[in-house]
Every structure is written in C-alpha cells, then in structure tokens.
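A.B. asks: Got a sequence here, can you model it:
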Amino acid sequence: MAFHPSAYTEFRYRECLWRDDKYEARFHYELVGPGVDTMRFTETLQFTPATTSRVDHNRLQGILVLLGAVLGLSYYKAAAPPTYVIDTPGLTDNALDYLRLVITEGMAEFAYRNGFGGPLAPDITLSQPASSAWPVENWRELDGDPLVPIGGGKDSIVTVEALYRQRLHPVQFAVNANPVIHRVARASGHPLITAKRTIDPRLIQLNGEGALNGHVPVTAMNSLIALAQSRILDMGPVVMSNEASASLPTLVVEDWEINHQWSKSEAAEVALQAVIGPQAGLQPAHYFSLLRPFSELHIAGYFATVPRYHQVATSCNRAFRTGVGDVGWCGECDKCRFVFLILAAYLSPSALRQ
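C.D. replies: Just a heads-up that it's a prediction; the model follows:
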C-alpha cells in the first residue's frame, strides 16, 4: 500500500511516559490528515537502572519531555507536514525555540535532498500552556563522574583518555551498543553503560512505501539520551567528542548553508547548553564537547599515542551499516581514506596498514 506524504497535514507528539519500575521511557506520536488513516508510532528507550533511590525525577522529566520532541523528528520526517502539535505537558518556551532550531538546522540536509527549496519551518503549537522555566537559582551544580558517549572511533577514545590522564574517572556510554563499541570499551578499562532505543517498526515499513527519508539530527537525540541517563545515575557532565570542523557547512546552496553534522556543531552545543537550564534545572556545564577547540589532525596525533586501541577501533561508517560491526575498516570509503591520511602523519606505513 502506497504512503502519500502530502496527505498528512499535522504531526502530533502525544505522550511521554516514564516507567520507574523498568527505567523505561515511551513516546507516542501521530501523523494526521483529512481523509487518511492516522499513523500511530511508539518509540521506547530502555535505560541502565539506578542502584540507589537518588533519581531526581523533576529534572529527569524535563529532559525526557524535550528528548521526546526531538526523537519525534524520526517520525515527523515521514511526511514533514506544516504543523507540529505538542500534546504532552512539560515543555518551556525555551524548549520550543530549541526544537525550532533543531528542525531548521538539524534537518536542513533532509529538506534539501527532498526538494523543499529551503529550511523546514513548521508551525509548532502547544495544546496546553507552556511550562514555567526553572529559576536560575535552582539550577543544579556539577558533581559525579563524567559520562562520555562513545561510538567506537578515535574521537571518543581521545576524550576518554584525556579525562583519565587528568585523574578523572570517565564512564563510557552508548545507545544500542554494537560489537565495536564493546570492544573499544573493554580496551579502555573503564566501565560502559548502555541505553537501548527501539524505533517503531512501522516507520521502517513506511520508508518502503513512499515516506520521505533522509538525515535527522542523531547527535542531538543521543546527547539528550545521555543527559537523561546521567540524571538517572546522578552523574556529572555529559562530555562529547565533537571537534572544530563539525561547525563548518558541508553544502552551500546560494545563501543556504547546510551542515550534515549540524548537531555536532558549536552552535548546536551552545543551544543545548542554553535550554537545559530553563527546561531541566541543569547548569550549562552539564553538557560540553572536550574536543571542540581541536582539529581532526590534532586528534589523530593524540590517538596515535594510544596503540592498544589501534586494533579494536574503527571510524568506518560502512562497517556499522553492514549490521555486523566487526568488519573493521573497509579500506574503500571516503572515511577510511581520510583517517588513513591523517594518521599517516603520525604512524609508520607498516603500523598504519596493520
């Protein structure tokens, strides 16, 4: 049965439900249009549970409600309707501004590839009044060990090692961890905790029936998942591994700057830092990238000094797309060629080939 995106005029973020007994969040969404069946979706997130009863539920709920709005973009994009309605309570005006920015900038490549001719700017409406922002005097100070999202590649390895060399105790974190991530985590000697994200299978089915498809701001999603996990475990800051070049546009169409990596950019980092205070009572320093000032070449030089990772890490995107995760480097894609070149400045030819 064919799916016709233009038939849907409204996307609805219906509910954000938290199960304290299961440490599970469920998000409910709908695509609505006149004369067509409503498309309903449910996404589930399973977090690593707390070992104490110190979960700060108010701050956690503030993060989860915002997280659900951003996760919803995976389903919104199936039709990209002109209206995004939020029925679930708990979002501040600051959160709505953040969501607009993530849609406009984080989905710019999606808009370009699908022929929208410019940035997406849906009418975002609340079905009930916006929540009050947390007063600044109640924003929480930092404590606890840093939580470091890892992906199995060199950048997050450098962050973990740099923190450890400063006598900190980084805890690694991954969403839907694959064999490469587990292998890298074991090589580090530092603990790994995980969350499991389950996308509604109906979305995958629609992709084969004519739904719009393309890039969504995954790093923004994973950043908010990490912030939620850090609140569940009462940890310190979420420390990302996004470097300087992530702020540069990857495509310019007339005056429209499109950045495939926007949610890794400095602008995205600043925007998330700005919203977590009013939305969840967290200090801006609860979220930052340790590698922001550094170039890819600088990071490669640091990575070259930690040889125990050289046989376990991979930055090859094709390795992850295969679903195997254990194939290492394909040696043919642009990412493999790029990493080979920058590491060539620091490793011998034989070590690099190995």
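
A.B. asks: what distance separates stretch 15-23 from the centre of its chain?
C.D. replies: Relative to the centre of its chain, stretch 15-23 is centred 20 Å away, using C-alpha atoms, centre = their mean, to the nearest Å.

A.B. asks: now the strands for the stretch 1-150 of the chain?
C.D. replies: 10-19, 24-32, 39-46, 83-86, 123-126, 147-149 (DSSP state E, counting those that start in this stretch).

A.B. asks: Tell me which of the ones you listed is the most buried.
C.D. replies: Highest mean neighbour count of the strands of the stretch 1-150 of the chain: strand 147-149, a mean of 23 (counted as mean count of other C-beta atoms under 10 Å). For glycine as for every other residue, the C-beta is placed from the backbone atoms N, C-alpha and C.

A.B. asks: Which secondary structure elements does the helix or strand just after that strand sit against?
C.D. replies: The C-terminal neighbour of strand 147-149 among helices and strands, as given by DSSP states H and E, is helix 154-165. The contact analysis (3 or more C-beta pairs under 8 Å, 6 or more residues apart in numbering; DSSP states H and E) places helix 154-165 against strand 147-149, helix 179-188, strand 238-240, helix 296-303.

A.B. asks: want to try TSV for these, with mean pLDDT and distance to Lys196 as columns?
C.D. replies: Compiled in TSV, the helices and strands packed on helix 154-165 are given as follows (pLDDT from 0 to 100; distance: least, C-beta to C-beta, whole Å):
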stretch	mean pLDDT	distance to Lys196
strand 147-149	98	15
helix 179-188	96	13
strand 238-240	98	18
helix 296-303	97	28
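
A.B. asks: Let me know which of the ones you listed is tucked in deepest.
C.D. replies: Taking mean count of other C-beta under 10 Å, strand 238-240 is the most buried of the helices and strands packed on helix 154-165, at a mean of 26.

A.B. asks: Please point out which parts of the helix or strand following it sit buried.
C.D. replies: Next helix or strand after strand 238-240 toward the C-terminus (DSSP H and E): strand 251-253. For strand 251-253, the neighbour count (16 or more other C-beta atoms under 10 Å) marks no residue as buried.

A.B. asks: Next secondary structure element downstream of strand 251-253?
C.D. replies: strand 256-258.

A.B. asks: quick one, helices of the protein?
C.D. replies: Under the criterion DSSP state H, the chain contains helices at 57-71, 73-76, 93-106, 108-113, 154-165, 179-188, 201-207, 218-232, 266-280, 296-303, 317-321, 334-343, 349-353.
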